[in-house]
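Enquirer: missing the sequence, but the structure's below:
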């Protein structure tokens, strides 16, 4: 009889466990279903969004033909997996390679007629120049084309906002969130490595060559990136992008000089190393002058984190191998 009671107890316990598992599974399935429904709800069309100009823009359906009016927008759209949807880009678009094969719609000035001929569902403009191109953008709107102005990102949070905005406008919110999460994770990894640095290096970033050397002061994205890798920007006592006083910079004696103009100046590192009057500067004496890819450190898209890694390797090569 005892054996029978024991057997019944085991059966009851097993049934209870299985029921609990089934209930938990149903709960998980329900949560997943809710999550999917929530993500689906985010991209239900017609969709009305507020762009960077505080204009309410209504997108009737998921865009099938997209024109991008700035390289950073283009890189974001391609990262979202919308290669086939992109039908037009600017003359300056050089990444990814697939973007170079798309129809060109102009450079400093957009070719409105060309854009209209491509019949896009969505044109992604940019706040950095939208106010100077009001007439052209209005022509596009008058032609029945949806124009969405993306914010001009000046820091990492604003880059995340740009990706989020374009993700919503194109119906790719899930992928946009994945990209943002991946970028944040990489940045945290860089910060963790940088936190172990005991002696900060003094850095001068040159964004244009001699004789008129320009650099980035405080309240610039570059300054934020240098602080993130635990380096000292020797020009951060000045605001924005400034033309440097060479004598003053020599006195500040940077440990590292980073150039970003190698894409149009031949042998930028050699030019710095042989620059007259700079022989006593630590960066020159120790030959610690590095040219980095300008696009990766200035273009406010998914690759900006790779730009931070480039800077980190340039300044602290032993730590960021």
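Expert: Happy to help now that I have it. Computed from a predicted model, the values in this text were never measured in an experiment.

Enquirer: elements contacting the helix or strand hosting residue 138?
Expert: Using DSSP states H and E, residue 138 sits in helix 134-142. The contact analysis (3 or more Cβ pairs under 8 Å, 6 or more residues apart in numbering; DSSP states H and E) places helix 134-142 against helix 112-117, strand 122-126, strand 146-150. C-beta coordinates here come from the backbone N, C-alpha and C atoms, glycine included.

Enquirer: Mean pLDDT added to the ones you listed, as TSV?
Expert: Output for the helices and strands packed on helix 134-142, formatted as TSV (pLDDT from 0 to 100):
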stretch	mean pLDDT
helix 112-117	98
strand 122-126	98
strand 146-150	98
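
Enquirer: Please tabulate those in a markdown table and include distance to residue 192 as additional columns.
Expert: Putting those into a markdown table (distance: least, Cβ to Cβ, whole Å) gives the following:
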| stretch | distance to residue 192 |
| --- | --- |
| helix 112-117 | 44 |
| strand 122-126 | 33 |
| strand 146-150 | 31 |
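
Enquirer: any chance of these in JSON lines, with mean neighbour count and distance to residue 251 too?
Expert: Shown next, in JSON lines, are those (neighbours: other Cβ atoms under 10 Å; distance: least, Cβ to Cβ, whole Å):
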{"stretch": "helix 112-117", "mean neighbour count": "16", "distance to residue 251": "51"}
{"stretch": "strand 122-126", "mean neighbour count": "24", "distance to residue 251": "39"}
{"stretch": "strand 146-150", "mean neighbour count": "23", "distance to residue 251": "41"}
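
Enquirer: So for residue 168, which of these sits nearest?
Expert: When the helices and strands packed on helix 134-142 are compared by Cβ to Cβ, strand 146-150 sits nearest residue 168, at 9.5 Å.

Enquirer: which residues in the stretch 1-150 of the chain form helices?
Expert: Remark: helices assigned in the stretch 1-150 of the chain by DSSP state H, counting those that start in this stretch are 2-42, 71-79, 112-117, 134-142.

Enquirer: where does this protein dip in pLDDT?
Expert: 1-42 (pLDDT under 70).

Enquirer: Much appreciated, bye for now.
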